[in-house]
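K.L.:
attaching a predicted model along with its sequence, questions to come.
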Amino acid sequence: MGRTKRLKELTIKDNFMFGAVMMDEDNCKGLLERVLEIPIDRVDVSKEKSIVYHPEYKGVRLDVYAKDEKQTRYNVEIQVERKPALGKRSRYYQSQMDMEMLLTGEDYTELPNTYVIFICDFDPFGEGLYRYSTRTFCEETRKPVNDGIETVYLNVHGKNRNSIPDELLRFLDYVKDTGRTETISTTDPFVRHLQDTIDAIKQNRSMEERYMLLEEMMRNEKQEGIQQGSQQML
């Protein structure tokens, strides 16, 4: 089992740090506006659903869950390692957001628009694009189905630099470079603020304790899985 990173070693690419940075609602709002190219007045980040231990989510959930002034829901996750069935992962997150609304008594006709956003340290579709957006459409007419769901896959290693906004490009370059301070001196204020947030988190004792607790939970969960697998082989 590899050595666990210390909080001071984490960058924007680490799930815990990404979630902690995006708990700052200005950071989250700025990211969503750059990714979706839409104006957002404000966002509320659910601190209860970010960086927390959720047994029903098969362990520790480290994605970012937010809503805006129009009640649009957003689920944002950073992906460093290529995982199978990323599309079905999106489907699961979309269904979770819908279920939360239905359980509060809302009619399905009142379901808000939902976005799932994956920030990938790899090319999820192999086409060299920085951004892939998927929606539901009719196979026969090729027209979109207005079901209000969209998934955006961002690839920090894209090639079409002239096809996306500069603000988004600077953020993706920052993620690709793992947030090293020497690479951000000439970037925009948003990226500078992200790094300042990371620097502050690394000095926060309560965040360090929270990180250590989550790391212990994940180690225990992994160990239990290994033990269960060994017992099944007996």
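P.N.:
Sure thing, it's come through. Numbers count the residues shown, from 1 in each chain.
K.L.:
my guess is Y115 is in a strand, correct?
P.N.:
Yes. Under DSSP: H, G, I helix; E, B strand; the rest coil, Y115 falls within a strand.
K.L.:
so the residue lying closest to T134 once chain neighbours are set aside versus D121, what's the distance?
P.N.:
Leaving aside its chain neighbours, T134 sits nearest to T151 (4.8 Å; criterion: Cβ to Cβ, 6 or more residues apart in numbering). Bear in mind the C-beta positions are built from the backbone N, C-alpha and C, glycine included. Spatial separation of T151 from D121 under the definition Cβ to Cβ, to the nearest Å is 17 Å.
K.L.:
may I see the buried residues of stretch 157-174?
P.N.:
158, 164, 167-172, 174 (16 or more other Cβ atoms under 10 Å).
K.L.:
among those residues, which lie within helices?
P.N.:
Those of those mapping onto helices are 167-172, 174, per DSSP state H.
K.L.:
and these, which is closest to D107?
P.N.:
Of all those, the one sitting nearest D107 is L168; the distance, using Cβ to Cβ, is 35.4 Å.
K.L.:
got the contact list for the residue lying closest to that closest one once chain neighbours are set aside?
P.N.:
When the adjacent residues along the chain are set aside, L168 lies closest to R34, with 4.5 Å between them (Cβ to Cβ, 6+ apart). Contact partners of R34, counting by Cβ atoms under 8 Å, 6 or more residues apart in numbering, are 165, 167-168, 171, 190.
K.L.:
just say helix, strand or coil for the residue nearest to the spatial centre of the chain.
P.N.:
By Cα atoms, centre = their mean, the chain has its centre lying nearest to E77, at 1.6 Å. Assigned by three-state DSSP, the conformation of E77 is strand.
K.L.:
could you find the closest non-adjacent residue to it?
P.N.:
Distances taken as Cβ to Cβ, 6+ apart put D63 closest to E77, at 3.9 Å, once the chain neighbours are dropped.
K.L.:
correct me, but that neighbour touches F16?
P.N.:
No. The pair D63 and F16 does not pass the contact test of Cβ atoms under 8 Å, sitting 11.3 Å apart.
K.L.:
settle it for me: which of those two has more neighbours?
P.N.:
D63 (23 against 20; other Cβ atoms under 10 Å).
K.L.:
residues contacting the more buried one?
P.N.:
15, 19, 50, 75-77, 93.
K.L.:
mind checking how far the closest residue to L169 other than its chain neighbours is from E69?
P.N.:
Counting by Cβ to Cβ, 6+ apart, R161 is the residue found nearest to L169 once chain neighbours are left out, at 6.2 Å. With distances defined as Cβ to Cβ, the gap from R161 to E69 amounts to 32 Å.
K.L.:
again, but for E9
P.N.:
Between E9 and E69 the distance, using Cβ to Cβ, works out to 37 Å.
K.L.:
just Q79 next, same as before
P.N.:
28 Å.
K.L.:
where does this structure dip in pLDDT?
P.N.:
Within the chain, the stretches falling below the threshold (pLDDT under 70) are 1-3, 48-62, 179-187, 220-234.
K.L.:
quick one, strands of it?
P.N.:
Remark: strands of the chain, listed N- to C-terminal, are 43-45, 52-54, 59-61, 64-68, 73-79, 114-120, 131-134, 149-155; assignment by DSSP state E.
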